[in-house]
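Novice: here is my input; please provide its structure:
(chains A and B)
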Amino acid sequence: MIKYSLYFAIIFLLFGCSEATPVPISEVHEVRNIGELSTTEYTVGKIVKLDDTAEEWYKFGDRKLLIHCKAKIKAGVDLSKLKDDDIKVSGTSIEITLPPAQVTLFSMDPNLMRTEMESVTGLRSNFTQKEKNAFLIQGEESIKKDILETGILKDANNNAEAFLIDFYSQMGFEKVSVKRTGQKDEK
Amino acid sequence: MKNEYVRLLKNIFVLGFLVFLVVLVVNYFMPAGDTELTIDNTPIHIESIKTIAEISTVSYKDEVVIDTVEYYGEFTSVLDPDEWMRVLNRGIKRRLTLIIQGEVKYGIDLTNKNYSVVSNKDSIWVTLPQPKILDVIISPSKNEVFQEQGSWSDNTRRKLEVKAKFMIQKNADAISLQKKAKENTIRLFKKLIRTPRALIIKFEDAK
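Specialist: I've put the predicted structure just below:
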């Protein structure tokens, strides 16, 4: 008993003087003026699939993970990029040159994520939350890359054009012409 | 001769046990680094496509820290190995701390054509809906697991993320960005509507 008490006291002395990890406090915020017209909203789903099969001789067992996640993506045009000469009015005619469409919002709601399967066998360690977040980041990057192949920017351009024609027609313009500047990523 | 065999077997057994311990440590106590593992390439599937007309005029970005802690219970015995961990971990049994960055977008939603334009020879009156929060955005790339002590379920992490999202929205509400959103909306519409006539932009009465 005395022996254990001594061990306990030594450990207490060794670790008792260092600082506990403080929780970071953040009070940083940024308010920015923007002017984005979002005209199309896509909801996409993806399965984040990880198969960590042991290849090294000293690792026994596998780790497998399937997470289903959803992302909401909006696209449209940034009206704050409009320059003075992008809007030309002549009597009852108006000509507007729009900047290229872009993704205006990308969000992955935690409420819409669920772990479908998690399996760890043999002597492998469990997945940590840090690892899982890293896999979700990879999934996010993959969605951001693939979404441009779906035609979202083309839809955004078409819808922006339709919205502006309708808006200016209501204002009494008889001829509304919407031009687009070069779109690099449009499919 | 027999004794030598026994000693050899003992040595092999001890060596085998040591190798087993090393393997156990490598496998269990040293998890694979985050960067080493890459997810498989799976396709995305489009679940819905909507035509919308939302004009965002103010963006608010914020960062919140969210933390959950579980402390050890009553002291049991100095012989209990779990109690030794109590000392090492300053009485904290489990802890999960996340740093979440988020963005709140304010603006007007014209999706249902809920605006009106009335004009005559001298003036144009544009009536718009009240600005509101259009989106509260968070995503994994803006989340950081700052500290993870002990084992935590996915559900707990998600609950913390949802709480952080709510905190960001609450912080945005606290600095009354509706007024700024209105000013920016008026500025934007004045830029879009070039007219020699008087332009009057007003907002629907708040409900």
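Novice: report the buried residues of the helix or strand of chain B with the lowest mean pLDDT.
Specialist: Counting by mean pLDDT, DSSP states H and E, the weakest-scoring helix or strand in chain B turns out to be helix B:81-88, with a mean of 73. By neighbour count with 16 or more other C-beta atoms under 10 Å in any protein chain shown, helix B:81-88 contains the buried residues B:84, B:86-87. For the C-beta atoms, the positions are set from N, CA and C on the backbone; glycine is no exception.
Novice: strand partners (parallel or antiparallel) of the following helix or strand past it?
Specialist: If you walk from helix B:81-88 toward the C-terminus, the next helix or strand you reach (DSSP states H and E) is strand B:92-109. According to DSSP bridges, strand B:92-109 forms sheet pairs with strand B:44-71 (antiparallel), strand B:132-137 (antiparallel), strand B:143-149 (antiparallel).
Novice: which one of those strands lies nearest to B:Lys121?
Specialist: For the strands paired with strand B:92-109, the distance to B:Lys121 is smallest for strand B:44-71, at 27.9 Å, taking C-beta to C-beta.
Novice: follow-up on the earlier one: from the contact counts, what lies against the least confident helix or strand of chain B?
Specialist: Judged by 3 or more C-beta pairs under 8 Å, 6 or more residues apart in numbering or on different chains; DSSP states H and E, helix B:81-88 is in contact with helix A:2-15.
Novice: tell me the helix or strand right after the helix it packs on.
Specialist: Proceeding N to C from helix A:2-15, the next assigned helix or strand is strand A:29-53, under DSSP H and E.
Novice: okay, buried residues for that following strand please.
Specialist: Within strand A:29-53, the residues that qualify as buried are A:29, A:34-42, A:44-50, A:52, counting by 16+ other C-beta under 10 Å.
Novice: of those residues, which are in range of chain B?
Specialist: Counting by C-beta under 8 Å from any C-beta of the partner chain, A:29, A:34-42, A:44-50, A:52 from the buried residues of strand A:29-53 sit close to chain B.
Novice: any regions of chain B where pLDDT drops low?
Specialist: Applying pLDDT under 70 to chain B picks out residues B:1, B:26-35, B:207.
Novice: so B:Asn112 versus B:Ser151, what's the distance?
Specialist: As for B:Asn112, its distance to B:Ser151 is 48 Å (criterion: C-beta to C-beta, to the nearest Å).
Novice: quick one, which of those two is more surrounded?
Specialist: When B:Asn112 and B:Ser151 are compared on other C-beta atoms under 10 Å in any protein chain shown, the one with more neighbours turns out to be B:Ser151, at 12 against 9.
Novice: now do the SS call for the more buried one.
Specialist: coil (DSSP: H, G, I helix; E, B strand; the rest coil).
Novice: so how far is B:Phe20 from the nearest residue to it once chain neighbours are set aside?
Specialist: Nearest residue to B:Ser151 in three dimensions, chain neighbours excluded: A:Asn126, at 6.5 Å (C-beta to C-beta, 6 or more residues apart in numbering or on different chains). A:Asn126 is 20 Å from B:Phe20, where distance means C-beta to C-beta.
Novice: please apply the same query to B:Lys202.
Specialist: Noted for B:Lys202: a distance of 78 Å to B:Phe20, by C-beta to C-beta.
Novice: now B:Gly73
Specialist: Taking C-beta to C-beta, one finds B:Gly73 at 34 Å from B:Phe20.
Novice: ok, now A:Glu118?
Specialist: A:Glu118 is 26 Å from B:Phe20, where distance means C-beta to C-beta.
Novice: the two: who's more crowded?
Specialist: Neighbours per residue (other C-beta under 10 Å) separate A:Glu118 from B:Phe20, with A:Glu118 holding more: 15 against 11.
Novice: thank you kindly, that will do.
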